[in-house]
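> okay, here's the prediction I keep looking at, along with the sequence it came from:
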Amino acid sequence: MTGLGVVPRHRRSEPTAGSTVVRLRGDLGIAAAPALRERLTSALRPGTRLLVLDLSRVRSCDPAGLAVLIGTQRRARRHGIVVRLVAPSLPVTEQLRATGLESYLTVCPDLPTALVRGRCAPAGTAAPPQVLAG
């Protein structure tokens, strides 16, 4: 996938069985959103209990990229899968703060912390953002 760089990683040697790590890189923008959505949806398979999205190499994330992250969180919850974001880059961190999504999505400082059950603060129970047509 050009510019997206989504690489699923199964961490069998890590402490949490049933975890999937997806490392993202590049720009999570409108051009990358369809492929990103497809890749993350495919990661929500039976047997997965934890989906970790490594955002440390993401250069930027626009509203389309954020929408994919929110949609992934919603689908994962319906399947009983926990989603954690890991080490978001500064531009992604700024977007999460500006939109208030840092209280809706679980953000962990690093991969080992994200993979250890209960180490990250769970996502808040805030209502998901509403999209209003204008």
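Arrived safely.
> quick one: what helix or strand has the closest residue to residue 99 other than its chain neighbours in it?
Spatial nearest neighbour of residue 99, excluding adjacent residues (C-beta to C-beta, 6 or more residues apart in numbering): residue 66 at 6.4 Å. (Glycine included, C-beta is placed from N, CA and C.) Element membership of residue 66 [criterion: DSSP states H and E] is helix 63-78.
> same question for that helix, mean pLDDT?
Averaging pLDDT along helix 63-78 yields 95.
> hmm, back to that, separation between the residue nearest to residue 99 and residue 56?
From residue 66 over to residue 56 the distance is 17 Å, taken as C-beta to C-beta, to the nearest Å.
> what does residue 29 give?
18 Å.
> tell me the average confidence for stretch 44-59?
93.
> off-centre distance for it?
Put simply, stretch 44-59 sits 6 Å off its chain's centre (C-alpha atoms, centre = their mean, to the nearest Å).
> next, count neighbours for the residue nearest to residue 107 when sequence neighbours are not counted.
Among residues not flanking residue 107 along the chain, residue 85 sits closest, at 4.8 Å (C-beta to C-beta, 6+ apart). For residue 85, the tally of surrounding residues (other C-beta atoms under 10 Å) stands at 27.
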